[in-house]
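sequence first, then the predicted structure:
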Amino acid sequence: MDKHKTIITKSPQETQKVGEELAHDRPKIICLYGELGSGKTTFVQGFARGLGLTTRLLSPTFIIVRRYELPKENFFYHIDLYRMSSMEDLEQLGLSEIFSDPHARVVVEWAERLGKLLPKDRMDIHFTSLSNERHKIVIT
C-alpha cells in the first residue's frame, strides 16, 4: 500500500480493510488523529487482524494501553490517549519504552496528546467523518 495517500471508505468493513492492508507493510509506530467516531478504532481492528491477531480487539479507552501477543513480533500495543489530560500522566505510562521496543508494533489513538513524547519515526494517519458512514483517511 502506498503510504502517502487519501482514501475514502464507505463502510466500517472498508475502514478495517485499509488497516488490514497497511499491517502487511509492518509499520512500527502509527499515530492516529481524528474526532470521536471518525474510524480510528475500526481501522485498528483491521490493522490488528492484518498483524495476525485472532482475539477480539477492545478499545483501550479506560485502560489506556492494551498489549497483545503476536505470532510474528513480540507484542502489539493499542494505546488510546482520549482520557489523558496531562504530560505527567503520559510520562508515567512508559510510552518511551514501548516506542523503543524493536519487536513491537504500536498504534496510538489521539496521538496529538503525546506532545513532546511524539516519536519522530512514525506514520501519521488522519481520520475525518463524512456523510453516510463514509470516512476520509489521509496517510502520511
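Perfect, thanks for sending it.

residue nearest the centroid of this protein?
Val107 (3.1 Å; Cα atoms, centre = their mean).

what about that residue, which SS state?
Following DSSP: H, G, I helix; E, B strand; the rest coil, Val107 is assigned to strand.

mind listing the residues bridging to Ile79?
When bridges are called by DSSP bridges, Ile79 pairs up with Val65, Val108.

quick check: it touching Ile64?
Yes. If you go by Cβ atoms under 8 Å, Ile79 and Ile64 touch, sitting 6.7 Å apart. To be clear about C-beta, it is placed using only N, CA and C from the backbone, and glycine gets the same treatment.

can you confirm Phe43 is in a helix?
Yes. If the criterion is three-state DSSP, then Phe43 is within a helix.

how about the lowest-mean-pLDDT helix or strand in the chain: buried residues?
Across the helices and strands of the chain, mean pLDDT, DSSP states H and E gives its lowest value to helix 87-91, namely a mean of 80. Going by neighbour count (16 or more other Cβ atoms under 10 Å), the buried part of helix 87-91 is Leu90.

now stretch 111-121
So, applying 16+ other Cβ under 10 Å, buried residues of stretch 111-121: Ala111, Arg113, Leu114, Leu117, Leu118, Pro119.
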